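Student: no sequence for this one, just the structure:
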């Protein structure tokens, strides 16, 4: 409930803010929904986006809610992944800290980070990327805690790392760690 209050506060303070990249992603999505292909300007294919996964997520949501709702859909999706990141951060805190006070402190600091909520209301892929990185960290810690090799967990870790890379190219730095 408190996190929802923080979202509302961030929205009231910066509700009209959309980054340039949000509109770039939304233009690609609108063209995909219209059947014009993976283009920014019709007939001129160009690599002008940072997150193929975010474009895929928004295209799927755009098919459900319609292209006219895309700015709001992008913003809500971004806020959803911010909230989901808090749940994964809680899981990571349990893996890292034995002290209940340390876990609560970790989650509280993470949850009320102003930049988390600033980016959460922009409709960009930032919070999806954060969610995936935290999930990779959690799965990696889980795998390290095991005494024997678990192919299924290593497979999931690799898939999550791949999705993180498709969300933000710099997340490719997770791939070597995932397969170490």
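Tutor: Cool, the structure landed. Please read all numbers here as calculations on a predicted model, not as lab measurements.

Student: going forward, measure contacts and count neighbours with C-alpha atoms only.
Tutor: Will do.

Student: so how far is the host helix or strand of residue 61 from its chain's centroid?
Tutor: If you go by DSSP states H and E, residue 61 is part of helix 52-65. For helix 52-65, the separation from the chain centroid amounts to 13 Å (computed by Cα atoms, centre = their mean, to the nearest Å).

Student: center of the chain - which residue?
Tutor: What sits nearest the mean C-alpha location of the chain, by Cα atoms, centre = their mean, is residue 128, with 0.4 Å.

Student: With adjacent residues omitted, what lies nearest to that one?
Tutor: Spatial nearest neighbour of residue 128, excluding adjacent residues (Cα to Cα, 6 or more residues apart in numbering): residue 81 at 5.3 Å.

Student: Hmm, the one you found is touching residue 132, no?
Tutor: No. In this structure residue 81 lies outside contact range of residue 132 using Cα atoms under 8 Å: 9.2 Å.

Student: what about those two, which has more around it?
Tutor: Higher neighbour count among residue 81 and residue 132: residue 132, with 23 against 20, using other Cα atoms under 10 Å.

Student: any idea how far the more buried one lies from residue 20?
Tutor: Note on residue 132: its distance to residue 20, by Cα to Cα, to the nearest Å, is 23 Å.

Student: likewise residue 102?
Tutor: Relative to residue 20, and taking Cα to Cα, residue 102 is found at 38 Å.

Student: who's more crowded, those two?
Tutor: Set residue 102 next to residue 20 and count neighbours by other Cα under 10 Å: residue 102 wins out with 14 against 10.

Student: What sits closest to the more buried one if chain neighbours are left out?
Tutor: Closest residue to residue 102 apart from its sequence neighbours, by Cα to Cα, 6+ apart: residue 93 at 7.9 Å.

Student: pLDDT below threshold where in the protein?
Tutor: In the predicted model of the chain, residues 1-17, 147-149, 175, 177-180 satisfy pLDDT under 70.
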